[in-house]
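**Q** no FASTA, just this:
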RNA sequence: GGCGGUGUAGCUCAGCCGGUAGAGCAGAGGAAUCAUAAUCCUUGUGUCGGGGGUUCAAGUCCCUCCACCGCCA
């Protein structure tokens, strides 16, 4: 059995500056990718940027730049996040790369050969600003006869030659696919939306444009470039070598993707258009598309005009990478919308990370440093309490977390982990090793051993979420690099008594802000 | 308007195929003092949105009304 796992973020449109929303999607994928790697899978984790389209072309002109130079620059702001947020992506795709043009054209030709693409004429009310067509009934007319879209953009009647994808022919096969693969769209409420959309009937899809040239040229059709979706969605197969043909080893290995993570705004494209394109080309649809929710900021929509957009740099400067990652994944049931409030972030970070896991490690390791010769203590006969905690940490926790993450329930996975953190803090209080120090030093060592071993397990499993902090904890337990994947998360790989330990250091700092700053948000 | 969803403790949310409500956080009280002024224990009498119905029994099923949200290229 191939234990492989292919996970993707959307490609981000370079017209936008990176913000909390982008980071949220990618962090979720990153945590999953890291988890799967540690769990023994051969993982491919892809992210990238979407760089074509009339808007980009215009933005480049406005900046007085060549479009390629312009996208090079803007795309870089997204690549910078790899360091800022500590992403572990295996590749970064850009739609302006040669390999992508190749892949798009191969796919296009497949669709043509299958008879699913034909030349037609597109006409309608077009708003350049929105890069979108509107129906007559959506428009309002100004006194001087201008047609205005609901967005406020001015529209003009446009007719152009365009290639169409025969989406209308795929309705039944799409519905059959959803039926047979109930987990292919999550959460369930999104699945319902998609199904009802498809049931309401599908129109053919315009898939080329002649009014701009910043895109992938349509094969054998001078003047046409591919329009948005074939170009953008194809990135998922480009990155695994589809440009070298569908027999390429990497493509065979990684397709179909296990998970396309998307924001709910692009759900339809991923669950209707994309599977239809793929099936038409004789390829399998992705196994799952998961649409997560949006963040509001202190109860308000995130928007430039409100000036409440959270930048990745700002986020990390304030809380640190790991704490930021933790908060995003822990605070909200994944799939729901959530609110980002600084007060809540501080509460969560301080309670769970600093006071919970961080303090547990610190109190345990400093007792060991002071009382056990700076080495992993010896242990005697284990009591039922000892065994119970170890069983939780070494056996049950990983299974539970695995189950939750396989359904993208990040908050639940973290909750499972923190059940063990809380149990350990309860255990240390009940056992009171600081009292045993005088009455029964041998028992004290056993208790500290059980705690240290529990912390080892916790540090291992927390790696996907807070990679740097986890590494520090593992360093403090002198765990070698080759014993840090989940195959070591069991009793057989437990700490060896006598192993020298470095001096303990705090791993999760408390966030302390003066009231003024906290009040201002 | 059509389809779907939500409305449960101050806040965020669990409550599977019905048997008289739970968790975390916040708040209150206490214990302990190893630790990042951290930890542990105790503490929840809520019209389960309103009204009606089915049932021995309904947040849990049915109808209806109200509010909010999503999708309808």
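**A** Received, thanks. Owing to the predicted nature of the structure, the values given are computational and were not obtained by experimental measurement.
**Q** where along the stretch 151-300 of chain A do the helices fall?
**A** Using DSSP state H, counting those that start in this stretch, the helices of the stretch 151-300 of chain A run over A:171-180, A:188-199, A:229-233, A:235-238, A:249-254, A:267-268, A:274-280.
**Q** wait, which of the ones you listed is closest to RNA strand B?
**A** Evaluated over the helices of the stretch 151-300 of chain A, closeness to RNA strand B peaks at helix A:188-199, with 4.2 Å, by Cβ to the nearest atom of the strand. Glycine gets a C-beta too; all of them are placed from N, C-alpha and C.
**Q** okay, now the residue of the stretch 351-500 of chain A found nearest RNA strand B: neighbour count?
**A** Closest to RNA strand B within the stretch 351-500 of chain A is residue A:358: 2.2 Å, counting by Cβ to the nearest atom of the strand. For residue A:358, the count of nearby residues is 21 (other Cβ atoms under 10 Å).
**Q** so who does it touch?
**A** Shown in contact with residue A:358 (Cβ atoms under 8 Å, 6 or more residues apart in numbering): A:506, A:507, A:508, A:509.
**Q** before we move on, which element is residue A:121 in?
**A** Residue A:121 is part of strand A:117-127 when elements are defined by DSSP states H and E.
**Q** Which elements pack onto that strand?
**A** Helices and strands touching strand A:117-127, by 3 or more Cβ pairs under 8 Å, 6 or more residues apart in numbering; DSSP states H and E, are strand A:132-134, strand A:154-165.
**Q** which other residues reach that strand?
**A** A:108, A:111, A:132-136, A:139, A:147, A:149, A:151, A:153-166, A:204, A:206-207, A:221.
**Q** most tightly surrounded among the helices of the stretch 151-300 of chain A?
**A** Mean neighbour count (mean count of other Cβ atoms under 10 Å) peaks for helix A:235-238 among the helices of the stretch 151-300 of chain A, with a mean of 26.
**Q** And the average pLDDT for that helix is what?
**A** Across helix A:235-238, pLDDT averages out at 98.
**Q** what packs against it?
**A** Short answer (3+ Cβ pairs under 8 Å, 6+ apart): helix A:235-238 packs on strand A:42-50, helix A:98-113.
**Q** Please identify which of these is closest to residue A:385.
**A** strand A:42-50 (37.6 Å; Cβ to Cβ).
**Q** which helices and strands does the closest one pack with?
**A** Judged by 3+ Cβ pairs under 8 Å, 6+ apart, the packing partners of strand A:42-50 are strand A:4-13, helix A:20-38, helix A:67-79, strand A:91-94, helix A:235-238.
**Q** in the first one, what's buried?
**A** If you call a residue buried by 16 or more other Cβ atoms under 10 Å, then strand A:4-13 has these buried ones: A:5, A:6, A:7, A:8, A:9, A:10, A:11, A:12, A:13.
**Q** could those go into JSON lines alongside pLDDT and distance to RNA strand B?
**A** Formatted as JSON lines, those follow (pLDDT from 0 to 100; distance: Cβ to the nearest atom of the strand, whole Å):
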{"residue": "A:5", "pLDDT": "98", "distance to RNA strand B": "27"}
{"residue": "A:6", "pLDDT": "98", "distance to RNA strand B": "27"}
{"residue": "A:7", "pLDDT": "98", "distance to RNA strand B": "24"}
{"residue": "A:8", "pLDDT": "98", "distance to RNA strand B": "21"}
{"residue": "A:9", "pLDDT": "98", "distance to RNA strand B": "20"}
{"residue": "A:10", "pLDDT": "97", "distance to RNA strand B": "16"}
{"residue": "A:11", "pLDDT": "97", "distance to RNA strand B": "20"}
{"residue": "A:12", "pLDDT": "96", "distance to RNA strand B": "19"}
{"residue": "A:13", "pLDDT": "93", "distance to RNA strand B": "17"}
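**Q** nearest to residue A:374, of those residues?
**A** Nearest member of the buried residues of strand A:4-13 to residue A:374, counting by Cβ to Cβ, is residue A:5, at 39.8 Å.
**Q** Just send the helices of the stretch 151-300 of chain A back as TSV, with distance to residue A:457 too.
**A** Shown next, in TSV, are the helices of the stretch 151-300 of chain A (distance: least, Cβ to Cβ, whole Å):
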stretch	distance to residue A:457
helix A:171-180	39
helix A:188-199	33
helix A:229-233	40
helix A:235-238	35
helix A:249-254	31
helix A:267-268	37
helix A:274-280	39
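**Q** Could you dump those helices into TSV and include distance to RNA strand B?
**A** Formatted as TSV, those follow (distance: least, Cβ to the nearest atom of the strand, whole Å):
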stretch	distance to RNA strand B
helix A:171-180	9
helix A:188-199	4
helix A:229-233	10
helix A:235-238	20
helix A:249-254	28
helix A:267-268	6
helix A:274-280	10
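**Q** and of the ones you listed, who's closest to residue A:432?
**A** Comparing those by Cβ to Cβ, helix A:188-199 comes nearest, at 47.2 Å.
**Q** what packs against that closest one?
**A** Packing partners of helix A:188-199 (3+ Cβ pairs under 8 Å, 6+ apart): helix A:171-180, helix A:267-268.
**Q** Could you save those helices as a markdown table and add columns showing mean pLDDT?
**A** Listed next are the helices and strands packed on helix A:188-199 as a markdown table, based on pLDDT from 0 to 100:
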| stretch | mean pLDDT |
| --- | --- |
| helix A:171-180 | 95 |
| helix A:267-268 | 95 |
